[in-house]
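A.B. asks: Got a sequence here, can you build the structure:
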Amino acid sequence: MGNIIELKNISKVHGKRVKTEVLHNVNLSIGEGDFISIVGASGSGKSTLLNIMGTLDKPTTGQVYIENKRTDKMSRRSLASLRNKEIGFIFQFHYLLPEFNTLENVLMPYRINRFFYGRKSRERAEMLLDLVGLSAVKKSKVYDLSGGQQQRVAIARALMNDTKIILADEPTGNLDSSSAENIYNVFRDINRNFNTTFVIITHDERIAEKTDRRISIKDGVVTW
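C.D. replies: Modelled structure (predicted):
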C-alpha cells in the first residue's frame with residue numbers, strides 16, 4: 001500500500017518580530033492503514049505537526065501531500081472539502097454540540113454541506129453508534145453521557161463521512177484508565193475492520209506502546 005500522508009522538509013516558524021521555530025525540517029511518511037503514535041514533551045511541536053497533517057495549519061516551508069495531492073498550496077475552500085471528505089479529527093475536548101442528541105451529533109459532518117439527511121445517512125450514523133457501543137443512547141443529549149461515552153460519540157462523528165484518516169490529539173487525556181483502554185480498543189477495531197489510518201498524539205505510555213509505530217519529537221525535530 002502507498003503513503004496516504006507525506007511531509008517533506010516541513011518547518012514551521014511562529015512570529016514576525018520574534019521568531020520561534022516550532023518544527024524543523026520534518027520528513028515523515030504514513031502509509032494507508034498505519035496505526036501510529038506521536039509522543040513528546042509539551043511544547044515539542046506535536047500538535048503543530050498534527051495540525052499541518054490535517055491541513056488546519058500550513059507549514060512555513062516544505063510540502064504536504066494527502067493521497068498524493070499537495071495540500072499546502074490548496075485554497076481554503078479546497079482544503080475544507082478535503083478535510084470534510086478524507087480526515088476525521090478527535091480531540092481531548094470532544095466539542096460535541098449539547099443542544100443536539102447523540103445521533104444528531106454524529107450526523108453533523110454529513111450535514112455541513114447538506115441541510116437534510118436521508119435514510120442511508122441515518123442508518124450509517126446508527127451503525128457507527130453501534131460500532132462504538134452506544135446504540136442504547138442514540139436519542140440521549142450528550143450532556144447526559146459520561147466522558148468516555150462522549151469521546152466515543154466523537155469517534156463515530158469522525159467516521160461519519162467514511163474518512164480514510166483519523167487524527168487524534170490526546171484523545172484519552174481526560175479519561176480514567178478503564179475508559180482510555182476502551183477508546184484504544186475502539187480505535188483498533190476501526191483500524192482493522194476499515195483499514196483506517198490513525199495518527200494519535202498521546203502522553204499515555206499505555207496507548208503509545210501498543211501502536212504499530214511510535215514517532216518521537218523533541219524541540220521540533222523528529223527523533224524516532
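
A.B. asks: ok, and the helix or strand in the chain with the lowest average confidence?
C.D. replies: Scoring the helices and strands of the chain by mean pLDDT, DSSP states H and E places helix 102-111 at the bottom, with a mean of 83.

A.B. asks: which secondary structure elements does it contact?
C.D. replies: Helices and strands touching helix 102-111, as assessed by 3 or more CB pairs under 8 Å, 6 or more residues apart in numbering; DSSP states H and E, comprise helix 119-131, helix 147-158. Every residue, glycine included, has its C-beta placed from N, CA and C.

A.B. asks: so which of those helices gets nearest R214?
C.D. replies: The minimum distance between R214 and the helices and strands packed on helix 102-111 falls on helix 147-158, with 21.2 Å, by CB to CB.

A.B. asks: The next helix or strand after the closest one: partners in the sheet, and parallel or antiparallel?
C.D. replies: Sequence order places strand 165-169 as the next helix or strand after helix 147-158, per DSSP states H and E. Using DSSP bridges, the strands paired with strand 165-169 are strand 87-91 (parallel), strand 197-201 (parallel).

A.B. asks: Show me the helices in the protein, by range?
C.D. replies: With DSSP state H, the ranges of helices along the chain come out as 46-53, 76-86, 102-111, 119-131, 147-158, 177-194, 205-208.

A.B. asks: May I see those organised as CSV, with mean neighbour count added?
C.D. replies: Formatted as CSV, the helices of the chain follow (neighbours: other CB atoms under 10 Å):
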stretch, mean neighbour count
helix 46-53, 22
helix 76-86, 15
helix 102-111, 21
helix 119-131, 16
helix 147-158, 23
helix 177-194, 16
helix 205-208, 16
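
A.B. asks: where does the chain dip in pLDDT?
C.D. replies: Confidence mapping of the chain against pLDDT under 70 gives the ranges 1, 111-118.

A.B. asks: Report the central residue of it.
C.D. replies: By CA atoms, centre = their mean, the chain has its centre lying nearest to L167, at 2.0 Å.
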